[in-house]
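Enquirer: The following block contains a protein sequence and its predicted model.
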Amino acid sequence: MRRSIHIQLSVIAGCRKMALIHAALIASALLGLYHQVQAEYIPPGPLYRCPKEKLLLHPCSCDVESDQGLWISCNNTNIASMSLALNNLATFELPIETLTIKSCHIARLFGSLLYKLKLRVLRIEETPLEIIDEFSFLGVNNTLNELHIVNSSLLELPLAAFKILGNITVLNIDGHNISDLPKEAFFESEMSGKLLKLHIVNGHLNTPPIEALQPLRKLKTLDLHGNRIKELKRNQFKGLRDVEILDLSFNMIPKIDSSHLADLTKMSWLNVSHNSLKELTRGAFARNTVLRVLNMSFNQIKKLDSNSFRGMRFLRRLFLSDNLIGDVGRGTFGSLQRIGTIDLARNLIKKVDYQMFFQLNFIELLDLSENQITEVQKLAFKDLYLSTINMAKNQISTIESGAFENCANVTKLDLSENQLRDIPKRAFDETTYATELQLAHNFFTSMEQIPLHNMTGLKILNVSHNQIETVPKKTFPKLYELHTIDLSYNNLSDIFNSVFTTLFSLRTLDLSHNSLEAIKPSTFGPLPTLLRLDMSFNRLETIAKSALTRLASTRELIVSHNKLSALFILPISTSHLDLSHNEFETIPPKLWPSMNSLLSLDLSFNRLGDSLEHGSFTNLLTLQKLNLSYNGLTRPPWTSISELTALQYLYVQGNNLTTLRRNAFGKVPVMFELDLSNNAINNVSTRAFEGLLQLIHLKMNNNNISVIPNGAFQGLVSLTDLDLSQNRLVKLDNKTNGIFDDCLSLERLNLSHNRITFITRKMFPSNPYIPYKLKQIDLSYNFIPVITYDLTFGTSKLEKLNMSHNAIADVRKGVIGNLTSAKLLDLSYNKLHDLSSDPDFFRLPPNISSLLLAGNELTELPWPHLKNVSHLKLVDLKDNLLDQIAQNASDLIMSGTEIAYEGNPVHCDCFLRPLLRHFTGQLQLSPTYEKITCASPPHLEGKQLYTLPEELLICPANVNTTRLLDKLDGDFSVLPDLRFREFNVRNHMLKLKWRVMKQNDIADTSVFIRDSKNPLDIVYQITLPYFKRTLEVDLKAIKSKDMPVKSYHVCLVSKTSRNGVRKFYPEQCRELDGSSATGDISKVNNCLLLLALIVYVSL
């Protein structure tokens, strides 16, 4: 009975258990469904983000976030400091796509720096790394995919360290001191089965042993350029059958033959340029049948023959420039059936021989420039298509008939800079033509000497810089595609009538710099497609009135620098006409055609004088720009320009204008710019510019103006730029009004190089009811002795004020601070001496970013006020008398403000140590700070501050120095390598914490306890790895029975990465006295004791 009851109870318990399991499963499913429904929002952006707390990565930084991982850079630091940042990254388990260690102070890479990092690409750049220990890459050996060591001091290949890199595909060692590659370099290495690209470049590597590279069976790219390889051995690259790219350039290799490259059967790209190759041996590349690119430039090869490239039927690019090749045998390139580029530039080739370039059906570029070629023989070029042939800068004087046969559509044929005087008519057969023909810098005297009868596809013809005197009849056959002809810089004096009319697509014709004297009515004839005609720099005296009328589409016509005195009829489509530097004395009325499109007319440097009259520019209804400068005008040509209703730009500079009367330029409603500079204006009347309502830019600089009456600028409501520099102005207002009051839109005002002595309240426009816009004022090079409060009137929106090169010796109280919108203030090269006497002077405007005070006599500045200006970016103090760089100035420099101290007699003492540390901590120091030199003490005179060691910056040991150092915030003592953070003794346990203070080569730390009376008696010593910053020591274990605890010193000594002991600093030692051995000196514990005492008393 009991048994059955027990069985029943067991069954019931089992059922209950199953029910609970089912309930749990259902609850779990429901919970999962709930989480699916309540899916968490994922913000946009990269998957992996930089840690928000930047101090966790100090001294490194997180530069890029991505879905693959973070991009981390560690610059200008050491292995000890860097280790903490990388340990923190490993703790976060964040993948690192690229870690860049740049300009760091590490001579030996060792320890667990990279341990536990998920790292794909490691770059060590500009770091004097000499040794990499065996287990340096432990932890990243399975994730590291690329390793780049650039500009290091590696003495040997770190074989043991590389052996465990089982996932690496790219190994790049660029810039090194490795001289030899051991035979076992990659034997039993895990990378041998993965490595695809190996670069050991720009170092001292000698010829590697044959066995060294054999294990790299999957290698695709081998780069050994820039080393000292002097020879290649037989089977040098044995086993490297998958190598496709081989770079041996910039070495000293004297010879290459087939035995050296026999195993490289898949090689498609080979660079052996910049070596000492003297010959190309027969069959050198016979086994490299898939070679596509071969670069052998900058060697000493003297000869090529038919056996040089035999079997290289897939070769596409061949570079042989800058050799000593003087002999190229017939059929040399015959076996290169697919060749696209042959570069033979800068050799010693003297002729292009019979069938030298024959049946190169795929040739794209053939470069024979800068050789010594004197002749091109018959059939030298045959069966070429769509190629560029460059024979420029040779000595070619002869091209034989039939030299070019069946060379259809040569993309560019360059024969410039040779000695050609004549090209035979049959030099090009009936199927040969060039798209672009360059014949500049030769000795042609007539266009008849250039055969164009078969050039049916010619588009560009350049025969400039020759001696061509005539373009005779039938020079040009019907060339339907020729659109550009350059005949400039010749002696051209005669052009046969309508010689260009057979060119149905001609768009640009350049006849400048010739000797043309006249253009006859039928010189050009109908050229309906011509867009640009340049006849400048000739001797043209006459152009027949109807000479250009049939140029129906000509947009730009340049006839400057000639001797024209009478105008021709303008082509109807011309929009830009340049008639400058001619001899025009008058523009008669009704000269211009009623139908014209002229937008720009340049009549500068002529002899027009005051001959312009009403009707001189009649019908120029679309003219926007008119240049009348340097014509001898004595009065404004208002009558002649009154009809130019569309005129926007008028240039009248360099004339003889003296007076501007009322309404001097009439009514030109849309004029934007007026240039009156370089005249002799000395009288400006009231309302001189009336009618120019849209004028924006007005230049009146370099005149003789001494007085401008009020109302002179009345009506210039749109004027934004006014230049009155280089005049004789003394004052610009009376007691009630200023001359700029009518310039409602004025933003930039230039008053430099005048004779202004004082700034008055009415000088600049101001009115509480008118929103003036003045933003920039230039008052440099005047005679202002003092800046008074009157400057603040009318300058509430001023952003830039230049008052340099005056005689300013004083700035009155509150003036600068009230320029509330100022961003740049230039007071350089004045006579400012003491600005610290006025505490309000440097209460600068809040938005000021640049303060220029160079070239004064300043001895001191109120730096606390400057430090409070948040937007300050530049303070220029060059060439003053400042002998100190104050602490506040140093703080500004360290916060990013650029302060120029060059040319000051700086005294270099211990107060500059924090600033020096900042300079040495910069990856790239600004040139501004490189120019700071010491004037004293004598032993530092003339030396650049940033190059000095801290120990040389000393202060006199006296009471005043001590008091000053106590007042200032900062570390002015010589900075030690290490500094204690905690020194605590509790229950006979010594607890130490420290930090690394310098960027120098600091790695492990040695801690030792020694007898203070006998420093050589060391009772305890331990060396901790560079990532450790704490230590606990049991004092009972080391305490001597006869010696009290107070007689001990606890010291820290840093070591370099090469395990050398660095300099010892007294600050790296602490005394261990009796009280500290029995009590608690920790600040935290003292606080706890005090708290306990308070609680006890209260009870």
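Expert: Thanks, I have the structure now.
Enquirer: show me what contacts S512?
Expert: S488, Y489, D534, M535, S536, F537, N538, I558 (CB atoms under 8 Å, 6 or more residues apart in numbering). Bear in mind the C-beta positions are built from the backbone N, C-alpha and C, glycine included.
Enquirer: Hmm, I typed the wrong one, I wanted V376.
Expert: Contacts for V376 were tallied using CB under 8 Å, 6+ apart; they are K351, V352, M391, I396, T398, I399, E400, A403.
Enquirer: The first one - nearest residue in space that isn't next to it in sequence?
Expert: Spatial nearest neighbour of K351, chain neighbours left out: E375 (4.9 Å); criterion: CB to CB, 6 or more residues apart in numbering.
Enquirer: Same check on the fifth one?
Expert: For T398, ignoring the flanking residues on the chain, the nearest one in space by CB to CB, 6+ apart is E375 at 4.2 Å.
Enquirer: Map the structural domains onto the sequence of the chain.
Expert: For the chain, the structural domains run 54-192, 392-515, 882-975, 978-1086, going by automatic domain parsing.
Enquirer: among those, which is nearest S546?
Expert: domain 392-515 (13.0 Å; CB to CB).
Enquirer: Please determine how far T501 is located from N987.
Expert: 112 Å (CB to CB, to the nearest Å).
Enquirer: what residues are up against K731?
Expert: So K731 contacts V707, I756, F758, T760, M763 (CB under 8 Å, 6+ apart).
Enquirer: and which of those residues is nearest to E188?
Expert: Using CB to CB, the shortest approach to E188 within the contacts of K731 belongs to I756, at 85.2 Å.
Enquirer: and the closest one, how many neighbours does it have?
Expert: Counted by other CB atoms under 10 Å, the residues lying close to I756 total 19.
Enquirer: Tell me who's in contact with the closest residue to it other than its chain neighbours.
Expert: With sequence-adjacent residues excluded and distances taken as CB to CB, 6+ apart, I756 is closest to N782, at 4.3 Å. Applying CB under 8 Å, 6+ apart to N782 gives the contacts L751, S752, H753, N754, R755, I756, T757, M803, N806.
Enquirer: Tell me the pLDDT of N782.
Expert: Turning to N782, the model gives it a pLDDT of 96.
Enquirer: Can I take it that it is in a strand?
Expert: No - in this structure, N782 is coil, not part of a strand, as judged by DSSP: H, G, I helix; E, B strand; the rest coil.
Enquirer: mind checking how far stretch 509-519 is from the chain centre?
Expert: With CA atoms, centre = their mean, to the nearest Å as the basis, stretch 509-519 stands 43 Å off its chain's centre.
Enquirer: how distant is stretch 106-117 from the center of its chain?
Expert: Chain-centre distance of stretch 106-117: 34 Å, with CA atoms, centre = their mean.
Enquirer: How about residues contacting it?
Expert: With CB under 8 Å, 6+ apart as the test, stretch 106-117 has contacts from 78-79, 82-83, 86, 89-90, 96, 99, 122, 124, 127-133, 135-140, 143, 153, 161, 1001, 1003, 1025-1027, 1056-1059.
Enquirer: Any of those buried? List them.
Expert: Burial by neighbour count, judged by 16 or more other CB atoms under 10 Å, picks out 78-79, 82-83, 86, 89-90, 96, 99, 122, 124, 127, 129-132, 136-137, 139-140, 143, 161, 1001, 1003, 1026-1027, 1056-1057 from the contacts of stretch 106-117.
Enquirer: Out of the residues you listed, list just those in helices.
Expert: Among these, DSSP state H puts I79, M82, S83, L86, L89, A90, A161 in helices.
Enquirer: Is it correct that the last one is in contact with V140?
Expert: If I follow you right, that is A161. No - judged on CB atoms under 8 Å, A161 makes no contact with V140 at a distance of 11.3 Å.
Enquirer: Pull the number of nearby residues for V906.
Expert: Neighbour number of V906 under other CB under 10 Å is 20.
Enquirer: Then the one 4 residues further on?
Expert: The local packing of C910 (other CB under 10 Å) involves 18 other residues.
Enquirer: Which residue, neighbours along the chain excluded, lies closest to it?
Expert: Nearest non-adjacent residue to C910, counting by CB to CB, 6+ apart: C955, 4.0 Å away.
Enquirer: circling back to that earlier point, max pairwise distance over the contacts of S512: which two?
Expert: By the measure CB to CB, Y489 and I558 form the most distant pair in the contacts of S512, at 14.9 Å.
Enquirer: okay, the domains of the chain in CSV with mean pLDDT and distance to R635 next?
Expert: As requested, those are exported to CSV (pLDDT from 0 to 100; distance: least, CB to CB, whole Å):
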stretch, mean pLDDT, distance to R635
domain 54-192, 93, 66
domain 392-515, 94, 34
domain 882-975, 86, 49
domain 978-1086, 80, 72
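Enquirer: Out of those domains, the one nearest F665 is which?
Expert: For the domains of the chain, proximity to F665 was assessed by CB to CB; domain 392-515 is nearest, at 34.0 Å.
Enquirer: just to revisit the earlier point, can you pick out the most distant pair from the ones in helices among the buried ones among the contacts of stretch 106-117?
Expert: Across those, the longest distance by CB to CB is 21.1 Å; it joins L89 and A161.
Enquirer: check contacts around Q776.
Expert: Shown in contact with Q776 (CB under 8 Å, 6+ apart): E747, R748, L749, L798, E799, K800, L801.
Enquirer: residue contacts, the third one?
Expert: So the one you mean is L749. By CB under 8 Å, 6+ apart, the contact set of L749 is L722, L724, F740, F764, L774, Q776, I777, D778.
Enquirer: What strand or helix carries the fifth one?
Expert: By that I understand L774. Using DSSP states H and E, L774 sits in no helix or strand.
Enquirer: I'd like the numbering to begin with 508 instead of 1 from here.
Expert: OK, 508 is where the count begins now, so the last one is L1281.
Enquirer: What pLDDT does the model give it?
Expert: For L1281, the predicted pLDDT is 95.
Enquirer: My guess is it contacts S1252. True?
Expert: No - counting by CB under 8 Å, L1281 does not reach S1252; the two are 9.7 Å apart.
Enquirer: Looking at the two, which has the bigger crowd around it?
Expert: In this view L1281 and S1252 are compared by other CB under 10 Å, and L1281 has more residues nearby, 22 against 16.
Enquirer: what about the closest residue to the more buried one other than its chain neighbours, neighbour count?
Expert: Using CB to CB, 6+ apart and skipping the chain neighbours, the partner closest in space to L1281 is L1253 (5.6 Å). For L1253, the neighbour count with other CB under 10 Å is 25.
Enquirer: Checking L1253 next. Helix, strand or coil?
Expert: At L1253 the chain is in coil, as set by three-state DSSP.
Enquirer: ok, back up a step: could you flag which of the contacts of L1256 are buried?
Expert: Buried subset of the contacts of L1256 (neighbour count, 16+ other CB under 10 Å): L1229, L1231, F1247, F1271, L1281, Q1283, I1284, D1285.
Enquirer: Now render those residues as TSV, adding distance to L1419 and secondary structure.
Expert: Converted to TSV, the buried ones among the contacts of L1256 look like this (distance: CB to CB, whole Å; DSSP: H, G, I helix; E, B strand; the rest coil):
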residue	distance to L1419	secondary structure
L1229	47	strand
L1231	46	coil
F1247	48	coil
F1271	43	coil
L1281	42	coil
Q1283	37	strand
I1284	38	strand
D1285	36	strand
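Enquirer: and which of the residues you listed is nearest to R724?
Expert: Of these, the one sitting nearest to R724 (CB to CB) turns out to be Q1283, at 70.1 Å.
Enquirer: Quick check: beta-bridge partners of the closest one?
Expert: Q1283 forms beta bridges with R1255, K1307, as assigned by DSSP bridges.
Enquirer: swap in the one 10 residues further on?
Expert: Under the criterion DSSP bridges, V1293 forms beta bridges with D1317.
Enquirer: OK, contacts around it?
Expert: Per CB under 8 Å, 6+ apart, neighbours of V1293: F1265, I1315, A1316, D1317, V1318, R1319.
Enquirer: Tell me the secondary structure of the residue lying closest to S1480 once chain neighbours are set aside, please.
Expert: Nearest-residue entry for S1480: E1574, 7.0 Å, with adjacent residues in sequence omitted and distances by CB to CB, 6+ apart. The three-state label given to E1574 by three-state DSSP is helix.
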